[in-house]
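Trainee: the following comprises the amino acid sequence and a computationally predicted model.
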Amino acid sequence: MRRPDIHRNKNAWKLILFLCALLIGAGTLLYTESFLSELRKGEERSVKIWANAVQLFGSDAATGDLTLYGMIMEGNTTIPIILTDQDGHIIAKRNINQEKAARPGYLEALIPRMAEENEPIVIEFAEGKKNIVYYQESILLKKLRIYPWVLLGVIAVFVGIAYAAFSSARRSEQERVWSGMAKETAHQIGTPLSSMLGWIELLRAQGVDETALNEMLKDVDRLETITARFSKIGSIPELKNEDLIDCLKESLDYLRSRTSKKIDINLSVPEGEIVLPINRQLFSWVIENLIRNAVDAIEGAGQVDISLEEAGRSMKIDVRDTGKGLPRNQYKAIFRPGFTTKQRGWGLGLSLAQRIIEDYHDGRIFVVKSEPGAGTTFRILLPIAS
């Protein structure tokens, strides 16, 4: 039965949550805009009433008590207004910052902006004279227009902080699980190893062929190395100056004898030594993991090429194969725990390799290029000690 792709499911949930957030944000903005539109219309009506009051208050035909018109004119305490005559001379102003209004040319410069924001209202008097009312949104309306963006921004920041805290806690929990599983695996492997060494010595005493016993000892030594590797996961490994070339050759010599003869494993390195601070056991684990993946990707005959060269302030190690390759959308996904393209794979090897290179050696590991049917190239970059 095919295992569920947890990473695809997780990405699907992320997409759904992102779309929901977009819908909520869009709905909030649309509702706010509708609300602001009503307020804007209300302010426009208030300005028209104010203009009518000015017209009636200044009309020669006005009779009776003008107190009501005066109250209407004084009642506007929020909407900025500038009243001019037909020649553009300022007659009155309301709800405009006094300090700014006192600056030379400020009101004259404000009038075109008001005219652009709202269509001016023309007041006509009986004798043919005209006054013009210029106005703009109130401070309250401007604040309300910004408010939903501020609110959504605060929510986004809060969600971002919460997500970061949750991710940090989850990574910390994963660290503990990784460490616990690795150490328990090392313990479980170590127990029968001691017995196997005893049995090998017993077989040697009984005169069993030394060649077979030596091969068995090599595999037991290999198991001890694997046990040591697992025991280092979750702790800070000790880095020592090691010759990278010697380390690569040792790993390749072991794998060549255990790989199909149809697959050529080639090593291209410069002459001399290349010494870097590494943990030999863990670094060898990464190289072997990459080569095994390369071998598994090759169907039938093929080759795996490993090259080592200096690249700026880093040492570059490329592992190329002639296997089935990867689609571009899996370049990063293959390093996630649980992601695998193999039918029986666990999806832990490359995740461990990335952890060893990036967390323990301050380097980088990534897919340089890959094409389905044309092979894959992995690259490791290790910093050169100053």
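Mentor: The structure has been received and is ready for your questions.
Trainee: where along the stretch 51-200 of the chain do the helices fall?
Mentor: Taking DSSP state H, counting those that start in this stretch as the test, the helices found in the stretch 51-200 of the chain are 67-75, 98-101, 106-117, 139-205.
Trainee: for the stretch 201-350 of the chain, same thing?
Mentor: Under DSSP H, counting those that start in this stretch, the stretch 201-350 of the chain gives helices at 210-232, 244-256, 280-297, 349-354.
Trainee: nearest to residue 26, of those helices?
Mentor: With C-beta to C-beta as the criterion, residue 26 lies closest to helix 349-354 of the helices of the stretch 201-350 of the chain, at 37.5 Å. Where you see a C-beta, it was placed from the backbone N, CA and C, and this is true even at glycine.
Trainee: list the buried residues of the helix or strand following the closest one.
Mentor: The C-terminal neighbour of helix 349-354 among helices and strands, as given by DSSP states H and E, is strand 364-371. Of the residues in strand 364-371, those with enough neighbours to count as buried (16 or more other C-beta atoms under 10 Å) are 365-367, 370.
Trainee: show me which residues of the helix or strand following strand 364-371 are buried.
Mentor: Toward the C-terminal end, the helix or strand that comes next after strand 364-371 (DSSP H and E) is strand 375-383. Of the residues in strand 375-383, 375-382 count as buried by neighbour count, 16+ other C-beta under 10 Å.
Trainee: make TSV out of these and add pLDDT and distance to residue 327.
Mentor: As requested, these are arranged in TSV below (pLDDT from 0 to 100; distance: C-beta to C-beta, whole Å):
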residue	pLDDT	distance to residue 327
375	90	13
376	93	11
377	94	15
378	95	16
379	95	18
380	95	22
381	95	23
382	94	28
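Trainee: start to end distance for stretch 270-285?
Mentor: Between the opening and closing residues of stretch 270-285 we find a distance of 22 Å, counting by C-alpha to C-alpha, to the nearest Å.
Trainee: and the pLDDT for residue 328?
Mentor: With respect to pLDDT, residue 328 scores 87.
Trainee: please name the nearest non-neighbouring residue to it.
Mentor: residue 370 (7.6 Å; C-beta to C-beta, 6 or more residues apart in numbering).
Trainee: residue 334 is in contact with the one you found, correct?
Mentor: No. At 9.7 Å, residue 370 and residue 334 do not qualify as touching, with contact defined as C-beta atoms under 8 Å.
Trainee: shared neighbours of these two, which are they?
Mentor: residue 326 (C-beta atoms under 8 Å, 6 or more residues apart in numbering).
Trainee: can I get the buried residues of strand 364-371 in TSV including distance to residue 293 and pLDDT?
Mentor: Formatted as TSV, those follow (distance: C-beta to C-beta, whole Å; pLDDT from 0 to 100):
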residue	distance to residue 293	pLDDT
365	12	95
366	14	95
367	11	93
370	12	90
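Trainee: which member of those residues is positioned nearest residue 171?
Mentor: When these are compared for distance to residue 171 (C-beta to C-beta), residue 365 wins out at 18.2 Å.
Trainee: what's near enough to touch the closest one?
Mentor: Residues 286, 335, 353-354, 357-358, 378-381 are the ones in contact with residue 365 under the rule C-beta under 8 Å, 6+ apart.
Trainee: again, but for residue 14
Mentor: With contact taken as C-beta under 8 Å, 6+ apart, residue 14 is in contact with no other residue.
Trainee: for it, give me the pLDDT.
Mentor: As predicted, residue 14 sits at a pLDDT of 78.
Trainee: please state the offset of the helix or strand harbouring it from the chain centre?
Mentor: Secondary structure from DSSP H and E places residue 14 in helix 6-58. Using C-alpha atoms, centre = their mean, to the nearest Å, the mean C-alpha position of helix 6-58 is found 30 Å from that of the whole chain.
Trainee: pLDDT weak spots in the stretch 201-350 of the chain?
Mentor: Along the stretch 201-350 of the chain, the model assigns pLDDT under 70 to residues 234-235, 338, 342-347.
Trainee: give me the domain ranges for the protein.
Mentor: As assigned by automatic domain parsing, the chain contains the domains 6-137, 142-213, 237-383.
Trainee: just say which of the ones you listed is most tucked in.
Mentor: With neighbours defined by mean count of other C-beta atoms under 10 Å, none of those is more surrounded on average than domain 237-383, at a mean of 17.
Trainee: distance between the ends of that one?
Mentor: Using C-alpha to C-alpha, the two ends of domain 237-383 sit 17 Å apart.
Trainee: again, but for stretch 251-265
Mentor: End-to-end distance for stretch 251-265, by C-alpha to C-alpha: 11 Å.
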